[in-house]
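A.B. asks: Got a predicted structure plus its sequence, pasted below:
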Amino acid sequence: FSTLINSAELQHNGGVVFEDLFSDTSFFRKTILNVQLLAANGGLRNRQWRLQQHYDFGNRYDSIPVRGDSLKITRLLPQFRIGHAISYADNFYAYNDPSPQSANPSAGIYPNFYISRTNTADTIKAWQLRNEVFASAMRFKSKQNIPYFTAYAGLAHQFTAVNQANYNDTLPLLPVTVTGVDTVYTLPPDTLFTLRDTSFNLNSIELFAHFSTQTRNQQTYFKARFGFVPIGFNRGDISLQGQAAWFLAKKIGSLYAQAQYQLLTPDATEQRYFSNHYWWKQPNLKQISVLQIGGGFKHPASGSSLSASQYILNNYIIWNGQGHPQQLSGKTISITQLMGNINLHWRKLHFENTIVGQFYPETDTASFEDLPKWISRHNIYIETWLFKKAMLSQFGLDISYNTAIDAANRFSPAIGQFFNANTNNVTNLTYYPVVNVYCNIKISRVRVFALLQHANQGLFGTQNGVLATPAYPLPDRAFKLGLVWQFYD
């Protein structure tokens, strides 16, 4: 049995009104900046649990848990298994703004008013119940608990219920005047809809299978996965995955190759959605195809690795300048990704590095303008035992950097989604390395950490840092302290 609960309450300000102020090195106080939204807030909640039960068939054998101990324990080495699993998940997003009319219309925070101009209270809920039955076969090397061959197959039924607002009829209204930050705006006559809750149910049947094997000397490993949905909302969805690995030597590491193909039905909320500020209905979206081919090298002793991947996307869905999902029908997008994790250490000094490069044709920039070409993260720290090895400590710097983004995505708090900027509302973002200074301490079962976030703020030509995304600045320098105390061994 496993369970997971996540919940967050968020305050939304819609970003700052004047982004250009962040290029002024004489401006110090962010707290006096005007923001787009004054009282908006939102909430996220996700709950999951899973219960699995199975029955094993196999051979029993006697094992001795401790060398020299005369006590023997009879164990079952399973060769066949049948089982059932049931899982539940729900997701909830709520957005409230008691004064949506105060938002600056030219900023595009609220592109439309469909329900009310005096209050926004949008919610969307989805819950999912999945039942699956499966059978598997396993083979073990001698009496070890690590199988060298595993195969299983099963059938799953997934039920999903989505609850969101919908509309009944329309009422014409007169023009409305809205007072902005410095100007009075007049909105043209619009149509408001009377509101009713709507729930639609989605069912799918999935067939799945998995196969993995390795040679008895554990030098070669193969794995394959298959999934297909013949019936239901996701009918025609396919998932194929294969991976192979070759162990070269303990001091050298291993090589691996992998490939994955997916054919996916667009999400229900991408097909239809209705709220106070956004409305779309597009039931004829095509399935999205994703092909990923890659390979690499791993060096387990140091934790270092090198990899290269090629992604080919068809019928991909972006979020356009109106904040709506838009399918790039018939368009093929190709992305090449290179990644390196290089970990070095000398005595007590450790230097961990991650560098990612992302490359795509210039013709695809309209779809992926929010991808920086290079991303890097570096962790430099000293790890040592203190006080007669009673306390393990780390003192270091965490440095992150990515190259410029030519046309960064903007954020819509009403739907909790980033979307492509309009051509007349494009923000080009540049960045500098952000440095965090930290200290980690572990004493028995107690861990303490201290962090000075954005320690180098103001050292690269601006006192306020830069924008993380349009209208939203990077977090200021701050000190954080934390404690983790485990009450078990």
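C.D. replies: Noted; the coordinates are in hand.
A.B. asks: Which secondary structure state is assigned to Thr269?
C.D. replies: Secondary structure, DSSP: H, G, I helix; E, B strand; the rest coil: Thr269 is helix.
A.B. asks: typed the wrong thing, it's Ala407
C.D. replies: coil.
A.B. asks: Now the helix or strand in which Asn163 is found: average pLDDT?
C.D. replies: Applying DSSP states H and E as the criterion places Asn163 in strand 147-172. Per-residue pLDDT values over strand 147-172 give a mean of 78.
A.B. asks: try stretch 58-66
C.D. replies: Summarised as a single mean, pLDDT over stretch 58-66 is 66.
A.B. asks: same question, stretch 431-449
C.D. replies: Averaging pLDDT along stretch 431-449 gives 91.
A.B. asks: buried set for that stretch?
C.D. replies: Across stretch 431-449, burial judged by 16 or more other CB atoms under 10 Å covers 431, 434-438, 440-441, 448. Where C-beta positions appear, they are placed from N, C-alpha and C, glycine not excepted.
A.B. asks: How about stretch 236-248?
C.D. replies: The neighbour-count check on stretch 236-248 (16+ other CB under 10 Å) flags 237, 239, 241, 243, 245, 247 as buried.
A.B. asks: Please name every helix or strand in contact with whichever strand or helix holds the fourth one.
C.D. replies: Counting by DSSP H and E, the element that carries Gln243 is strand 238-249. With contacts defined as 3 or more CB pairs under 8 Å, 6 or more residues apart in numbering; DSSP states H and E, the secondary structure elements packing on strand 238-249 are strand 220-232, strand 253-264.
A.B. asks: ok, Leu44 touching Leu10?
C.D. replies: Yes - between Leu44 and Leu10 a contact is recorded at 7.1 Å, counting by CB atoms under 8 Å.
A.B. asks: what do these two both touch?
C.D. replies: The overlap between the contact sets of Leu44 and Leu10 (CB atoms under 8 Å, 6 or more residues apart in numbering) is empty.
A.B. asks: if we can go back for a sec, orientation of the strand holding Gln243 relative to strand 220-232 in degrees?
C.D. replies: Angle of strand 238-249 versus strand 220-232, following axes from the mean of the first three to the mean of the last three CA atoms, to 10 degrees, is 170 degrees.
A.B. asks: Tell me the strands beside strand 238-249, with direction?
C.D. replies: Strands that pair with strand 238-249, judged by DSSP bridges, come out as strand 220-232 (antiparallel), strand 253-264 (antiparallel).
A.B. asks: Dump those strands into TSV; add mean neighbour count, mean pLDDT and distance to Lys125 as well.
C.D. replies: Listed next are the strands paired with strand 238-249 as TSV, based on neighbours: other CB atoms under 10 Å; pLDDT from 0 to 100; distance: least, CB to CB, whole Å:
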stretch	mean neighbour count	mean pLDDT	distance to Lys125
strand 220-232	16	94	20
strand 253-264	17	95	22
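A.B. asks: who wins for proximity to Ala39 among these?
C.D. replies: Among those, the nearest to Ala39 by CB to CB is strand 253-264 (38.0 Å).
A.B. asks: re earlier: possible to save the strands paired with strand 238-249 as CSV with distance to Val484?
C.D. replies: What follows is the strands paired with strand 238-249, written out as CSV (distance: least, CB to CB, whole Å):
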stretch, distance to Val484
strand 220-232, 35
strand 253-264, 33
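A.B. asks: What residues are bridge-paired with the closest residue to Ala408 other than its chain neighbours?
C.D. replies: Of all residues not flanking Ala408 in the chain, Leu429 sits nearest, at 4.8 Å (CB to CB, 6 or more residues apart in numbering). Under DSSP bridges, the beta-bridge partners of Leu429 are Ile405.
A.B. asks: any idea how far Leu429 lies from Leu459?
C.D. replies: As judged by CB to CB, to the nearest Å, Leu429 and Leu459 stand 19 Å apart.
A.B. asks: more neighbours, those two?
C.D. replies: Using other CB atoms under 10 Å as the criterion, Leu429 and Leu459 rank with Leu429 on top: 19 against 11.
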